[in-house]
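Enquirer: Got a sequence here, can you model it:
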Amino acid sequence: MASCNFLSCFKNFDEDFSTYEKVAEFRHFAEIGESGFVFWGRREKIYTFEDTIWSLGLRKGVCKYGAFMFPIMRHWSRRKSKFRLSYSIGPYNTNLRSSIFEYNYKTKQNGIYVKPDEDLSGEPMYVSDLINPIYGFLDEDGAFFVKFRIRIEGYTIDNIWNFDFSNPIFGARNSIVLRNDYCGYHGNKQLLSFHSPKILSLVKAQKFAEKEYPWETLLQIAHGVQTTIRTRSDIFTVIGIAQKLELFNVVLHMDRQLRLHNTDSTIDESIQLAADLNLRHYLAELLRIDVKSNRKFIKIIKKLDVEKMSGEAMMMIVAKALYGKF
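Expert: Next up is the predicted model:
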């Protein structure tokens, strides 16, 4: 399992950093400031990844000094994930006067942990200040704007922490960007170079067309997350990418995980694939399968392309054919 302490190496959150962001508009603010308790921006949502949606709104409160509003972000996730994230919330307006005062109401937090259904909130803002024309928070039509910015750094799946590689969470200088035909994934340069010293040149030399899921899985495993792959097909896709990038720890992890999947009826194809990719554990598992007769096994191995095999794989197969074991 990936340690949460490793998340502490993330780059501090700043205004120039790549994040999800949106400016929410709250029309007729002076009117809503006098009634109700929660106001959600119309269609104002942030979609981070997969099934996670962040709704943007304002919540009203009252104290002895008067009524106030504070911005909130409420998330919904089908997986009920926990998050490690950084965020900032504050009034937003192009008006020069409001920019002078808005910093008093700006919230910025780095590296916090958020539970399922937990809200993120900004600074309380007194309604009397917001509607006061001296401060210039409202535009000419009486609308109030709030800028929400969020960077997801980690999240849980089945209580296991995963990284969000869609953004350079380790900082641009400390990242290796792996690109396919769809987007880029930002891994930790020091960690990946430790596992594969030539990875920088390999990334530039290789062309990849695989979709999102194998890349995400590859990087999770390379960064120490003990994740489980959905299908044998996905496993072999991840192995293919890992071998091109010489991330052999990932290959070994996948080799061991293949034993959890049932072997299909085309055992000769599976043996060939395991031998070609030098998957020792998976090949050993295949060779333990009870073939009805040694003659049938000889027919299977005659179909194999021996020249593509490593020496170790060849010796395992020959031992199985001659002695019934290896």
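Enquirer: okay, and for this protein, where does confidence drop off?
Expert: Scanning the chain for pLDDT under 70 picks out the ranges 1-18, 32-43, 49-50, 94-102, 180-182, 205-212, 260-269, 289-297, 306-308, 321-326.
Enquirer: Against Thr217, how distant is the residue most central in space within it?
Expert: Within the chain, the residue whose C-alpha comes closest to the C-alpha centroid is Asp164; the distance, by CA atoms, centre = their mean, is 2.7 Å. When CB to CB, to the nearest Å is the yardstick, Asp164 and Thr217 sit 14 Å from each other. Bear in mind the C-beta positions are built from the backbone N, C-alpha and C, glycine included.
Enquirer: Ala30 now?
Expert: The spacing between Ala30 and Thr217, counted by CB to CB, is 51 Å.
Enquirer: quick one, which of these two is more surrounded?
Expert: Neighbour tally, Ala30 and Thr217, criterion other CB atoms under 10 Å: the higher count belongs to Thr217, 24 against 12.
Enquirer: show me the contacts for the residue nearest to the centre of the chain.
Expert: Thr48, Phe49, Ile152, Glu153, Gly154, Tyr155 (CB atoms under 8 Å, 6 or more residues apart in numbering).
Enquirer: count of neighbours near the first one?
Expert: Other residues near Thr48 number 21, with proximity taken as other CB under 10 Å.
Enquirer: ditto for the fourth one
Expert: Neighbouring residues of Glu153 were enumerated by other CB under 10 Å; the total is 20.
Enquirer: mind checking which helix or strand it is in?
Expert: Glu153 is located in strand 144-157, with elements delineated by DSSP states H and E.
Enquirer: Please identify the buried residues of that strand?
Expert: Within strand 144-157, the residues scored as buried using 16 or more other CB atoms under 10 Å are 144-156.
Enquirer: Just put those in a markdown table and tack on distance to Arg232.
Expert: Converted to a markdown table, those look like this (distance: CB to CB, whole Å):
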| residue | distance to Arg232 |
| --- | --- |
| Phe144 | 54 |
| Phe145 | 50 |
| Val146 | 48 |
| Lys147 | 46 |
| Phe148 | 41 |
| Arg149 | 41 |
| Ile150 | 36 |
| Arg151 | 35 |
| Ile152 | 30 |
| Glu153 | 31 |
| Gly154 | 28 |
| Tyr155 | 26 |
| Thr156 | 25 |
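Enquirer: Span of stretch 175-185 from start to end?
Expert: The first residue of stretch 175-185 is 9 Å away from its last residue (CA to CA, to the nearest Å).
Enquirer: Show me how far that stretch is from its chain's centre.
Expert: Averaging C-alpha coordinates over stretch 175-185 and over its chain gives two centres that are 13 Å apart (CA atoms, centre = their mean, to the nearest Å).
Enquirer: Sketch out the strands for the stretch 151-300 of the chain, chain order is fine.
Expert: 160-163, 175-179, 184-188 (DSSP state E, counting those that start in this stretch).
Enquirer: Deepest in the core, which of those strands is it.
Expert: A comparison of the strands of the stretch 151-300 of the chain by mean neighbour count, using mean count of other CB atoms under 10 Å, puts strand 184-188 on top with a mean of 22.
Enquirer: Can you list the strands that that strand pairs with?
Expert: Strand pairing for strand 184-188, using DSSP bridges, gives strand 175-179 (antiparallel).
Enquirer: Please work out which residues outside the partner strand touch it.
Expert: For strand 175-179, the external contacting residues (CB under 8 Å, 6+ apart) are 168, 184-189, 192-193, 199-200, 203, 208, 215, 219, 245.
Enquirer: Who does the closest residue to Asn93 other than its chain neighbours form a beta bridge with?
Expert: Using CB to CB, 6 or more residues apart in numbering and skipping the chain neighbours, the partner closest in space to Asn93 is Phe145 (5.6 Å). Beta-bridge partners for Phe145, by DSSP bridges, are Glu25.
Enquirer: returning to that earlier point: so which of the strands of the stretch 151-300 of the chain is nearest Ile300?
Expert: Closest approach to Ile300 among the strands of the stretch 151-300 of the chain is made by strand 175-179 (37.2 Å; CB to CB).
Enquirer: Contact partners for the nearest residue to Asn249 once chain neighbours are set aside?
Expert: Among residues not flanking Asn249 along the chain, His195 sits closest, at 5.5 Å (CB to CB, 6+ apart). The neighbours of His195, taking CB under 8 Å, 6+ apart as the test, are Ala222, Leu247, Phe248, Asn249, Val250.
Enquirer: Distance to Ile235 and neighbour count for those residues - can I get that in TSV?
Expert: Putting the contacts of His195 into TSV (distance: CB to CB, whole Å; neighbours: other CB atoms under 10 Å) gives the following:
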residue	distance to Ile235	neighbour count
Ala222	15	22
Leu247	14	24
Phe248	15	14
Asn249	15	14
Val250	11	23
